[in-house]
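**Q** No letters, just coordinates:
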């Protein structure tokens with residue numbers, strides 16, 4: 001019944017274009033203020049403003065009234081109180097279709113406010129800048145959110161703008177409709193306004209919660225309550241399976257990722273495409289273009305099936321593909337540097353691929369991939385050498401797990417066997433260790449010369465992962481002799497290590513920390529293996 005009445009209300013509003021006669025402006029970000037105010041004045045709009053915004057408009061020579069002239073009260077309490085007054089909120093909240101509301105406006109001399117332009121005190125930026133507690137508190141906006149909520153509630157009569165993009169939308173429509181705005185625009189901007197105040201309040205709540213739950217000068221990393229806002233980026237055809245509906249929501253992050261990627265061509269991304277592309281990209285980001293050289297990851301169903309370095313993209317791709325050509329069919333391919341036309345053309349010629357992603361895509365690569373119009377081609381931008389600390393989220397039924405993202409690589413590199421790894425073996429061990437972070441547990445990686453030779457993933461037994469990795473290598477016709485082996489967690493028994501040795505491995509890297517470490521080290525010594533402990537586990541569930 002509620003949905004039906006809402007639909008009727010929207011239909012009745014469908015032709016209700018309203019003129020903007022009076023606008024109230026109060027902004028912290030004044031970068032576009034003068035230009036916007038001049039555009040409003042060109043429509044004959046009366047301008048009302050406060051504090052620094054009022055001063056900026058006056059200095060620009062614009063005709064503007066101060067809020068104090070309307071309310072009869074000057075700013076007080078260091079500017080904390082200025083717009084919290086019936087003559088402001090009455091003008092924002094009045095229902096112009098209700099006689100009683102209109103009569104109250106006239107009786108008390110309250111102007112109708114048709115547009116509100118407010119961007120809030122920069123609390124998030126102040127907090128991110130490392131300001132002290134008192135400064136953060138002073139940057140909590142009170143009057144701004146109150147006005148925004150009032151205007152958004154009364155969107156039937158008021159257009160509310162919480163950022164420059166919203167103002168630009170409103171001005172464009174006013175130009176189209178001779179100074180008037182449509183119900184559809186006002187409703188959309190009202191939704192955006194409530195989303196903004198929710199985001200703002202969440203930032204404050206998370207911060208205060210961390211302070212309350214922390215000790216002295218050390219805020220808690222995970223407060224008692226936690227709120228994060230995500231914006232819908234895509235409506236997906238379906239979820240993991242066709243009977244599940246789905247959408248892709250993104251947080252406000254700056255670092256290059258699947259969330260920042262721009263699709264240049266191809267079919268719409270699916271739920272599984274997004275999941276797998278994220279895994280492939282995060283894996284290839286482990287390899288720095290300058291120090292490691294070009295790297296390629298071929299991934300299928302959340303696990304890398306081939307990872308390799310090369311002199312160029314083409315060699316890296318060919319080596320990654322050769323690890324497991326069978327699994328590469330229909331996979332995701334990620335690069336750590338610009339994608340060139342030759343490599344793109346070879347991918348398209350050689351295999352069916354769902355997604356190709358790289359920091360940048362050359363024009364030649366675009367033309368090569370365009371021959372297969374359904375292939376999704378994504379450009380994500382460059383990422384920093386040192387990853388930005390961030391949180392990682394995993395949903396469980398009725399709850400959310402939150403942790404630090406697994407950005408570290410190792411705590412130590414301790415050789416625990418009689419045999420020392422050579423420099424070449426140490427390079428291979430570290431290569432395998434980087435890949436191992438992105439393989440589902442239990443994970444075993446065989447690698448040599450900057451290339452995966454066998455990948456064992458997602459088994460309940462670590463020894464079975466070692467066996468599967470060996471089988472994969474043999475199926476691809478790859479030689480395991482002299483390979484480096486990485487295990488994402490310790491070997492609980494010597495059997496997994498011995499399986500690797502039997503397959504031809506020459507050295508092993510693992511976290512260590514098992515109660516049977518001594519037994520495993522002795523087994524490695526007897527097998528003539530070099531073994532390195534990292535002191536850091538990389539489970540991936």
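**A** On my side now, so go ahead. Here the structure is a predicted model, which means the values were calculated and not measured.

**Q** Nearest residue to residue 131 in space, please, no chain neighbours.
**A** The shortest distance from residue 131 to any non-neighbouring residue, by CB to CB, 6 or more residues apart in numbering, is to residue 139 (7.5 Å). The C-beta positions use only the backbone N, C-alpha and C, and glycine is treated the same way.

**Q** hey, where'd the strands end up in the stretch 401-541 of the chain?
**A** In the stretch 401-541 of the chain, the strands defined using DSSP state E, counting those that start in this stretch lie at 414-415, 444-447, 452-456, 484-487, 507-510, 530-533.

**Q** Mean neighbour count, mean pLDDT and distance to residue 276 added to those, as TSV?
**A** As requested, those are exported to TSV (neighbours: other CB atoms under 10 Å; pLDDT from 0 to 100; distance: least, CB to CB, whole Å):
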stretch	mean neighbour count	mean pLDDT	distance to residue 276
strand 414-415	13	96	35
strand 444-447	30	96	18
strand 452-456	30	95	15
strand 484-487	30	96	21
strand 507-510	28	96	26
strand 530-533	24	97	30
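
**Q** Redo the ones you listed as JSON lines? Include distance to residue 258.
**A** Converted to JSON lines, the strands of the stretch 401-541 of the chain look like this (distance: least, CB to CB, whole Å):
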{"stretch": "strand 414-415", "distance to residue 258": "35"}
{"stretch": "strand 444-447", "distance to residue 258": "23"}
{"stretch": "strand 452-456", "distance to residue 258": "22"}
{"stretch": "strand 484-487", "distance to residue 258": "25"}
{"stretch": "strand 507-510", "distance to residue 258": "28"}
{"stretch": "strand 530-533", "distance to residue 258": "32"}
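
**Q** of the ones you listed, which approaches residue 522 most closely?
**A** Among the strands of the stretch 401-541 of the chain, the nearest to residue 522 by CB to CB is strand 530-533 (10.7 Å).

**Q** give me the element the residue lying farthest from the centre of the chain is part of.
**A** Residue farthest from the centre of the chain, counting by CA atoms, centre = their mean, is residue 107 at 51.1 Å. In the assignment (DSSP states H and E), residue 107 maps to helix 99-108.

**Q** Give me the contacts around that helix.
**A** Contact with helix 99-108 is made by 86-87, 90-91, 94-96, 110-112, as judged by CB atoms under 8 Å, 6 or more residues apart in numbering.

**Q** Same question for stretch 163-170.
**A** Contacts for stretch 163-170 (CB under 8 Å, 6+ apart): 20, 29, 31-32, 36, 115, 117, 119, 159-161, 181, 185, 189, 192, 196.

**Q** and the longest helix seen in the chain, what other elements does it pack with?
**A** In the chain, assigned by DSSP state H, the helix with the most residues is helix 183-213. Here helix 183-213 touches helix 2-13, helix 123-128, helix 143-153, strand 159-161, helix 164-176, going by 3 or more CB pairs under 8 Å, 6 or more residues apart in numbering; DSSP states H and E.

**Q** what pLDDT, on average, does it get?
**A** With pLDDT averaged residue by residue, helix 183-213 scores 90.

**Q** related to what we said a few turns ago, list the buried ones in the helix holding residue 107?
**A** 101, 105 (16 or more other CB atoms under 10 Å).

**Q** before we move on, the earlier item: just the ones in helices from the contacts of helix 99-108, please.
**A** Those of the contacts of helix 99-108 lying in helices (DSSP H): 86-87, 90-91.

**Q** closest one to residue 412 among the helices and strands packed on helix 183-213?
**A** Taking the helices and strands packed on helix 183-213 one by one with CB to CB, helix 123-128 is closest: 32.6 Å.

**Q** ok, back up a step: quick one: the residue farthest from the centre of the chain from residue 246, how far?
**A** 53 Å (CB to CB, to the nearest Å).

**Q** Where does pLDDT dip in the stretch 201-350 of the chain?
**A** Applying pLDDT under 70 to the stretch 201-350 of the chain flags residues 215-217.

**Q** For it, which segments count as strands?
**A** 231-236, 246-250, 262-265, 295-300, 303-309, 331-335.

**Q** Can you tell me what sits against the second one?
**A** If I follow you right, that is strand 246-250. In contact with strand 246-250 (CB under 8 Å, 6+ apart) are residues 230-236, 238-240, 259, 269, 271, 274.

**Q** Please name the strands paired to it in the sheet, noting orientation.
**A** strand 231-236 (antiparallel) (DSSP bridges).

**Q** What sits closest to residue 259 if chain neighbours are left out?
**A** residue 250 (4.1 Å).

**Q** That neighbour: neighbouring residues, count only.
**A** For residue 250, the neighbour count with other CB atoms under 10 Å is 14.

**Q** Could you spell out which stretches of the chain belong to which domain?
**A** Structural domains annotated on the chain: 2-213, 256-379, 414-533, as defined by automatic domain parsing.

**Q** Can you add distance to residue 400 and give those back as TSV?
**A** Converted to TSV, the domains of the chain look like this (distance: least, CB to CB, whole Å):
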stretch	distance to residue 400
domain 2-213	14
domain 256-379	17
domain 414-533	21
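
**Q** nearest to residue 405, of those?
**A** domain 256-379 (9.1 Å).

**Q** Determine how far that closest one lies from the middle of the whole chain.
**A** 20 Å (CA atoms, centre = their mean, to the nearest Å).

**Q** how long is that domain end to end?
**A** End-to-end span of domain 256-379 (CA to CA, to the nearest Å): 9 Å.

**Q** try stretch 352-372
**A** 9 Å.

**Q** Show me what counts as buried in stretch 224-238.
**A** 233-234, 236.

**Q** Residue 466 reaches residue 494, doesn't it?
**A** No - the pair residue 466 / residue 494 is not scored as a contact, 11.7 Å apart, by CB atoms under 8 Å.

**Q** Quick check on those two: which one has the bigger neighbour count.
**A** residue 466 (30 against 20).

**Q** With adjacent residues omitted, what lies nearest to residue 52?
**A** Using CB to CB, 6+ apart, the closest residue to residue 52 is residue 30 (7.5 Å).

**Q** That neighbour: how many residues sit nearby?
**A** 14.

**Q** With residue 308 instead?
**A** 27.

**Q** So it versus residue 127, what's the distance?
**A** 42 Å.

**Q** low pLDDT regions in the stretch 51-200 of the chain?
**A** For the stretch 51-200 of the chain, the ranges with pLDDT under 70 are 71-84.

**Q** my read: residue 404 touches residue 391, true?
**A** Yes - Residue 404 lies in contact with residue 391 (CB under 8 Å); the separation is 6.6 Å.

**Q** Neighbours of residue 392, how many?
**A** 11.

**Q** And the contacts of the helix or strand containing it?
**A** Under the criterion of DSSP H and E, residue 392 resides in strand 391-396. Contacts to strand 391-396, defined as CB under 8 Å, 6+ apart, come from residues 228, 400-406, 541.

**Q** go with 6 Å
**A** 401-403, 405 (CB atoms under 6 Å, 6 or more residues apart in numbering).

**Q** residues in contact with residue 184?
**A** Per CB under 6 Å, 6+ apart, neighbours of residue 184: none.

**Q** How about the secondary structure of residue 355?
**A** strand (DSSP: H, G, I helix; E, B strand; the rest coil).

**Q** Read off the pLDDT value for it.
**A** 98.

**Q** Go ahead and confirm it touches residue 376.
**A** Yes - under the criterion of CB atoms under 6 Å, residue 355 makes contact with residue 376 at 4.5 Å.

**Q** Compare these two and say which one has the larger neighbour count.
**A** The residue with more neighbours, out of residue 355 and residue 376, is residue 355; 26 against 22, by other CB under 10 Å.

**Q** returning to that earlier point: pull up the pairing partners for the strand holding residue 392, direction included.
**A** When DSSP bridges is applied, strand 391-396 pairs with strand 399-404 (antiparallel).

**Q** per-residue confidence averaged over the strand it pairs with?
**A** pLDDT averaged over strand 399-404 gives 90.

**Q** And the helices in the stretch 301-450 of the chain?
**A** Assigned by DSSP state H, counting those that start in this stretch, the helices in the stretch 301-450 of the chain fall at 313-323, 325-328, 341-350, 363-369, 423-436.
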